[in-house]
Every structure is written in C-alpha cells, then in structure tokens.
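[1] Provided below for reference: sequence and predicted model.
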Amino acid sequence: MIDQTVVDLSRAQFAATALYHFLFVPLTLGLSFMMAIMESVYVMTGREIWRKMTLFWGTLFGINFAMGVATGIVMEFQFGMNWSYYSHYVGDVFGAPLAIEGLMAFFLEATFIGLFFFGWDRLSKVGHLVVTWLVALGANFSALWILIANGWMQYPVGATFNPDTMRMEITNFMEVIFNPVAQTKFVHTVSAGYVTGAVFVLAVSALFLLRGNHIELAKRSIVVAASFGLAAALSVVVLGDESGYVATEHQKMKIAAMEAMYHTEAAPAGLALVAFPQADGSIWEIKIPWVLGLITTRSFDTELPGIDDLVIQAGERIRNGLKAYTALETLQADRTNEAARTTIGETWPDLGYALLLKRYRVDIENATDAEVAMAAADTVPDVWPLFWTFRLMVGVGFFFIAFFALAFWKASRGTLDKHKSFLKVAVAVLPLPWIAAEAGWIIAEYGRQPWAIEGVLPTFYAASGLTVTDLVISLSFYVTVYTILAVIMVWLMTKAINAGPKDYVALLNGETEEVPQAPSPTAAHPAPAE
C-alpha cells in the first residue's frame with residue numbers, strides 16, 4: 001500500500017523547489033527581450049545612453065539568470081530521486097524534451113550570455129546585437145521545451161502504453177511538440193514573463209526618478225517598459241482565455257473545480273465572481289451570466305459539465321480501466337494470449353483510472369463499488385484553493401492592463417516624472433507579477449491532481465519508495481538553501497540598483513572606472529612661484 005505521507009512530502013519538496021525556481025524564470029524571459037530592444041535602439045541611433053541602459057539591465061539579468069540556473073538544476077534530479085516510478089513509466093516521452101532543453105537551449109543560452117558580457121569590445125555593434133537577440137531567443141527556447149514536457153503531463157498525446165515493456169512510449173513526436181496544451185501554456189507563460197520584466201524595469205526606473213538620479217536612463221527605460229508591458233499584459237489576458245478554452249477540451253475537471261461548479265448548468269454557464277460554501281452544502285455566489293460558457297466552449301449551446309457528472313464519468317472509466325488491468329495480468333502470465341493483448345489495446349487509455357484504486361487495495365480487480373466510488377471522488381482536486389487562486393491571478397492580470405495603459409499614456413506625453421504618486425505606485429506593485437505567476441503555476445499543477453500525468457498515472461503511484469525521514473531532511477535542506485539563494489539574489493540586485501549604471505565593460509576587462517573629481521581650489525588658483 002502507498003504511504004501517503006511520503007507522497008505528500010515528495011509533492012511538497014517538488015512544489016517548493018519549483019516555486020522558488022519560478023521566482024527567477026519570468027524575469028529572465030522579460031529582461032532578455034527588453035535588453036535586445038534597447039541595444040537595437042543603440043545600434044540604430046549610436047547614442048551612448050542606450051548602450052549604458054543595455055549594460056545596466058543586462059547586469060541585473062545576469063544575476064537573475066545565475067540564480068535561475070542554480071535553482072533549476074535540482075528540479076530535474078528530483079524526477080529520478082523522488083519520482084522514480086514516474087521516470088520509469090514515462091521517461092521515454094518526458095525525457096526527450098528535457099534532454100533537448102538541457103543539451104540545446106540551455107547551452108545555447110549560456111554561451112551567448114558569455115558573449116553578451118565579454119564581447120562588447122570584441123564584436124562589431126551588429127554582431128553584439130545579434131548575440132543579445134540570441135540570448136533572448138535562447139531563454140524563450142529553453143522555456144518552450146520545459147513547457148512541452150509540462151504540457152504533455154496535462155494532455156498526454158503522441159504516446160501509447162506498451163504492455164511488453166510496461167511503459168508509455170512515443171508514437172508521434174510531432175504530436176508531443178505541437179500539443180495544443182503545451183503551445184497555449186508556452187505563449188501564456190512567456191507573456192507573463194514579459195509583464196514581469198516590464199514591471200521590474202518600470203519599478204526600478206520609477207525609484208530612480210523619485211530619488212532624482214540617473215534621470216535620462218530612467219525616462220527612456222520607462223518608455224520601453226510601458227509600451228512593452230502594455231502589449232504583454234494584453235497578450236497575457238488574451239492567451240489566458242485561449243488556455244482556458246483548451247483546458248476545457250482536455251481537463252474538464254480542472255475547469256469545473258476552478259469555478260466551484262458542482263452541478264452541470266444549462267448552456268451557456270455563468271462565471272462566478274465570488275462564491276462561498278454554506279453550512280447546508282449550497283454555495284452562495286455572484287455570477288455574470290453566460291460568460292464562463294462563452295469563454296470555455298465558444299458557443300451558446302454547449303454544456304460545461306459539473307463536478308458531480310465528471311465524477312460519474314470517472315467511475316465509468318475506472319471500471320473500463322479494470323478490464324485493461326485484468327487483461328494485463330493475463331498477458332503477464334501468457335504472452336501469447338492475443339485476446340488479452342487486444343483488450344489492452346482497446347482499454348489502455350483508462351488504465352490510469354483503474355490505478356487510482358491502488359490507494360485502497362492491492363488486488364484492485366476485486367474492488368468493491370464503494371472503493372470505485374471513493375477512487376472516482378479522488379479525481380476532484382481541492383476546489384476552494386483553485387477557485388480563489390484563479391481569481392487572484394486574473395485580477396492581477398486585468399490590473400496590469402490598466403496600469404501599463406496609464407504608464408504608456410503618461411510616458412508618451414513626457415510627464416511621468418512629474419507624477420510622484422504614480423511613481424510610488426509603480427514601485428509598490430513590484431511583487432504583483434511574481435504573485436500572479438506563482439498563482440498560475442499552482443493552478444496548473446494543483447488543478448491536475450490527483451494525476452502526475454493526466455488520466456495516465458496517479459501522483460501517489462509515481463513516487464519513489466523513500467522514507468519520511470529522507471524526505472524531511474531533504475525538504476528542510478532545499479528550503480533552507482533556496483531561501484538563502486533568494487536572499488542573496490535580492491541583496492545582489494539591490495546592490496547593483498543602488499550602484500546604478502556603470503561602465504561594466506571596463507570593469508569586466510579589469511580596468512578601473514574613472515570617477516570625475518571636482519577641481520581643487522589650488523588647481524583654480526595656483527600658489528605663486530617662490
């Protein structure tokens with residue numbers, strides 16, 4: 001039987017390392033493109049201020065990138081350490097995009113980051129600009145392969161179960177790459193990263209204006225951040241809508257849980273703005289009619305199934321999956337049994353549902369109706385954390401559209417530095433994009449439960465056979481180390497921001513930056529000759 005404490009601790013450890021790592025990823029994505037935009041202006045105009053801007057924001061990018069690498073490496077090792085059966089069962093599929101990301105995108109990005117910092121005096125202007133754009137593309141390319149892997153966890157296409165190897169194996173790699181869930185997750189996630197980068201640049205620039213230093217750099221940076229951020233904020237909302245539509249097609253339970261929709265409503269369903277459970281089991285809510293149905297189904301007459309109906313469907317899939325499980329046991333005893341092989345070929349897509357019964361008994365082929373009902377109920381993730389986390393994310397997203405629109409309007413008129421109250425707000429909203437980004441990952445991963453691979457492999461079945469002591473020690477270690485790294489990153493960022501823009505090319509080449517000195521009185525009025 002499965003030790004649920006081991007599973008919960010394994011999940012907590014992966015969640016902690018993933019959430020820490022994702023503190024750095026969005027800023028990497030956003031700053032990389034803004035650096036490329038700034039250097040493009042420098043190459044076109046030849047104005048030194050744009051080179052200084054590229055170097056300054058590039059330095060902050062480099063600090064953030066280094067921390068992202070340090071926190072990201074551990075995550076991939078956890079698949080083998082904490083989730084060994086997961087790695088065995090789906091490693092042929094999941095390992096391919098991870099390997100491509102590591103061998104291709106990561107090394108590509110790291111190489112060009114080195115050229116970015118050390119190539120200013122060794123490359124032509126256009127050559128260095130190409131390097132900077134390759135840094136930006138490499139960062140996004142790296143995110144693409146990670147999200148292809150994660151998208152397959154949400155919607156496992158292009159693979160089938162092989163009863164001879166007892167593993168999932170790729171049948172169509174193009175389907176894995178062009179998985180609709182992966183593609184929508186990619187564009188939505190990178191757009192959120194662009195918003196994060198724009199908010200960061202705008203907030204730091206606003207701080208400079210409030211302090212009255214680095215005025216020219218701050219003004220130009222705000223113009224870039226406001227325009228880039230407005231486009232990114234609009235795209236986040238539009239692409240988030242598309243992500244919800246795709247999830248409705250392939251993850252209906254997640255959508256129903258996010259909306260706390262227990263009963264199937266007549267089409268088109270309304271969108272709940274707020275909702276609270278009542279003592280009698282009912283839900284008090286305020287709804288906007290039709291909106292949910294139009295967003296998730298793009299129609300007026302397509303029903304969106306509620307949680308109760310989806311649980312019934314899960315029970316049916318469990319019973320069908322038991323046919324595959326029984327046939328698999330028959331095939332294990334007699335490899336020549338073609339009838340069993342045919343049954344597996346017809347019913348294996350529901351085998352994962354049958355494995356949900358392993359939480360209640362070993363001999364699942366003898367499961368009772370009550371156990372099937374409990375396993376079906378397990379397909380419902382915790383509703384209320386998803387419900388409120390989703391609304392937090394959406395609320396921040398719409399706020400940023402208004403925020404960047406106002407910033408763009410004021411910046412385009414050249415009056416932003418005169419509005420001290422807005423500059424203070426710009427500094428204060430700095431944490432919001434990270435809160436929204438972390439909320440998005442919680443929705444994506446927590447909303448998929450109880451599945452490690454949607455409909456294929458239950459989370460509790462994917463864990464390694466570690467002890468509680470092992471996991472308490474490793475979880476404590478990672479949380480401690482990652483917290484220290486986060487503090488170091490904030491300290492380094494703060495130090496670099498307070499230092500302001502410098503000639504980092506000269507510093508990297510071992511030169512001492514000359515600081516202008518005020519003329520001394522004796523220099524102005526030399527002493528008379530003796």
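    Nice, I can see it.
[2] I'd assumed residue 466 was in a helix, is it?
    No: counting by DSSP: H, G, I helix; E, B strand; the rest coil, residue 466 is not part of a helix but coil.
[3] now residue 316: which helix or strand?
    Element membership for residue 316 (DSSP states H and E) is helix 307-333.
[4] output the contacting helices and strands for that helix.
    Other elements packing on helix 307-333 under the criterion 3 or more C-beta pairs under 8 Å, 6 or more residues apart in numbering; DSSP states H and E are helix 252-258, helix 338-347, helix 351-355, helix 369-377. (Glycine included, C-beta is placed from N, CA and C.)
[5] so which of these is nearest residue 224?
    Closest of the helices and strands packed on helix 307-333 to residue 224 is helix 252-258, at 34.7 Å (criterion: C-beta to C-beta).
[6] that closest one: how far from the chain's middle?
    Relative to the centre of its chain, helix 252-258 is centred 19 Å away, using C-alpha atoms, centre = their mean, to the nearest Å.
[7] quick one: list the elements packing against it.
    Using 3+ C-beta pairs under 8 Å, 6+ apart, the elements in contact with helix 252-258 are helix 215-250, helix 307-333, helix 383-412.
[8] same thing but at 10 Å, please
    Packing partners of helix 252-258 (3 or more C-beta pairs under 10 Å, 6 or more residues apart in numbering; DSSP states H and E): helix 215-250, helix 291-297, helix 307-333, helix 383-412, helix 432-446.
[9] redo these as JSON lines? Include mean pLDDT and mean neighbour count.
    Output for the helices and strands packed on helix 252-258, formatted as JSON lines (pLDDT from 0 to 100; neighbours: other C-beta atoms under 10 Å):
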{"stretch": "helix 215-250", "mean pLDDT": "92", "mean neighbour count": "20"}
{"stretch": "helix 291-297", "mean pLDDT": "86", "mean neighbour count": "20"}
{"stretch": "helix 307-333", "mean pLDDT": "96", "mean neighbour count": "18"}
{"stretch": "helix 383-412", "mean pLDDT": "94", "mean neighbour count": "18"}
{"stretch": "helix 432-446", "mean pLDDT": "94", "mean neighbour count": "21"}
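[10] distance to residue 190 for the ones you listed - can I get that in JSON lines?
    Below are these laid out as JSON lines (distance: least, C-beta to C-beta, whole Å):
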{"stretch": "helix 215-250", "distance to residue 190": "9"}
{"stretch": "helix 291-297", "distance to residue 190": "22"}
{"stretch": "helix 307-333", "distance to residue 190": "31"}
{"stretch": "helix 383-412", "distance to residue 190": "15"}
{"stretch": "helix 432-446", "distance to residue 190": "11"}
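[11] return the residues in contact with the spatially closest residue to residue 326 that is not a sequence neighbour.
    Among residues not flanking residue 326 along the chain, residue 365 sits closest, at 5.2 Å (C-beta to C-beta, 6 or more residues apart in numbering). Counting by C-beta atoms under 10 Å, 6 or more residues apart in numbering, residue 365 makes contact with 322-323, 325-326, 329, 354, 357.
[12] now these in CSV, please, with extra columns for distance to residue 72.
    CSV is the format used below for the contacts of residue 365 (distance: C-beta to C-beta, whole Å):
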residue, distance to residue 72
322, 40
323, 41
325, 37
326, 42
329, 40
354, 35
357, 36
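[13] give the rounded mean pLDDT of stretch 94-114.
    Per-residue pLDDT over stretch 94-114 has a mean of 83.
[14] to clarify, my last question referred to stretch 46-61.
    94.
[15] try stretch 164-179
    The model assigns stretch 164-179 a mean pLDDT of 95.
[16] again, but for stretch 17-33
    Rounded mean pLDDT across stretch 17-33 is 93.
[17] any stretches of the stretch 401-530 of the chain with poor pLDDT?
    Low-confidence segments of the stretch 401-530 of the chain (pLDDT under 70): 503-530.
[18] quick one: the helices in it?
    420-428, 432-446, 459-462, 468-499, 504-508, 521-524 (DSSP state H, counting those that start in this stretch).
[19] nearest to residue 148, of the contacts of residue 365?
    residue 354 (27.8 Å).
[20] who touches the nearest residue to that closest one once chain neighbours are set aside in this structure?
    Leaving aside its sequence neighbours, residue 354 sits nearest to residue 321 (C-beta to C-beta, 6+ apart; 3.1 Å). For residue 321, the contact set (C-beta under 10 Å, 6+ apart) comprises 347-357, 364, 375, 455.
[21] try it again with 7 Å
    Under the criterion of C-beta atoms under 7 Å, 6 or more residues apart in numbering, the neighbours of residue 321 are 347, 350-354.
[22] would you confirm that residue 375 contacts residue 316?
    No: between residue 375 and residue 316 there is no contact under C-beta atoms under 7 Å: 11.9 Å.
[23] and the residue nearest to residue 236 when sequence neighbours are not counted, how many residues sit next to it?
    Ranked by C-beta to C-beta, 6+ apart and with sequence neighbours excluded, the top spatial neighbour of residue 236 is residue 191, at 4.5 Å. Per other C-beta atoms under 10 Å, the neighbour tally for residue 191 reads 24.
[24] wait, a strand at residue 191?
    No: looking at residue 191 with three-state DSSP, it is helix, so not inside a strand.
[25] distance of it from residue 33?
    To residue 33, residue 191 is 11 Å away according to C-beta to C-beta, to the nearest Å.
[26] likewise for residue 378?
    42 Å.
[27] repeat that for residue 445.
    Residue 445 is 26 Å from residue 33, by C-beta to C-beta.
[28] ok, residue 392 next?
    For residue 392 relative to residue 33 (C-beta to C-beta), the value is 26 Å.
[29] which non-adjacent residue is nearest residue 108?
    Using C-beta to C-beta, 6+ apart, the closest residue to residue 108 is residue 138 (4.6 Å).
[30] nope, residue 264 is what I meant
    That would be residue 306: by C-beta to C-beta, 6+ apart, it lies 4.2 Å from residue 264.
[31] report pLDDT for that neighbour.
    95.
[32] phi first, then psi, for it.
    phi -90, psi 170 (degrees, to the nearest 10).
[33] give me the neighbour count for it.
    18.
[34] in terms of contact, does it touch residue 256 like I think?
    Yes: checked against C-beta under 7 Å, the pair residue 306 and residue 256 is within contact range at 5.7 Å.
[35] now the residue nearest to residue 108: how far from residue 19?
    For residue 138 relative to residue 19 (C-beta to C-beta), the value is 24 Å.
[36] more neighbours, those two?
    residue 138 (21 against 17).
[37] could you give me the buried positions within stretch 255-269?
    In terms of neighbour count (16 or more other C-beta atoms under 10 Å), stretch 255-269 has its buried residues at 255-262, 264-265, 268-269.
[38] may I see these organised as TSV, with distance to residue 492 and pLDDT added?
    Shown next, in TSV, are the buried residues of stretch 255-269 (distance: C-beta to C-beta, whole Å; pLDDT from 0 to 100):
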residue	distance to residue 492	pLDDT
255	41	94
256	44	94
257	40	94
258	37	94
259	42	92
260	42	93
261	46	94
262	48	94
264	52	92
265	51	86
268	50	88
269	48	90
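[39] now, which of those sits nearest residue 240?
    residue 258 (12.1 Å).
[40] which ones are touching the closest one?
    Here residue 258 is in contact with 386-387, 390, 443, 447 (C-beta under 7 Å, 6+ apart).
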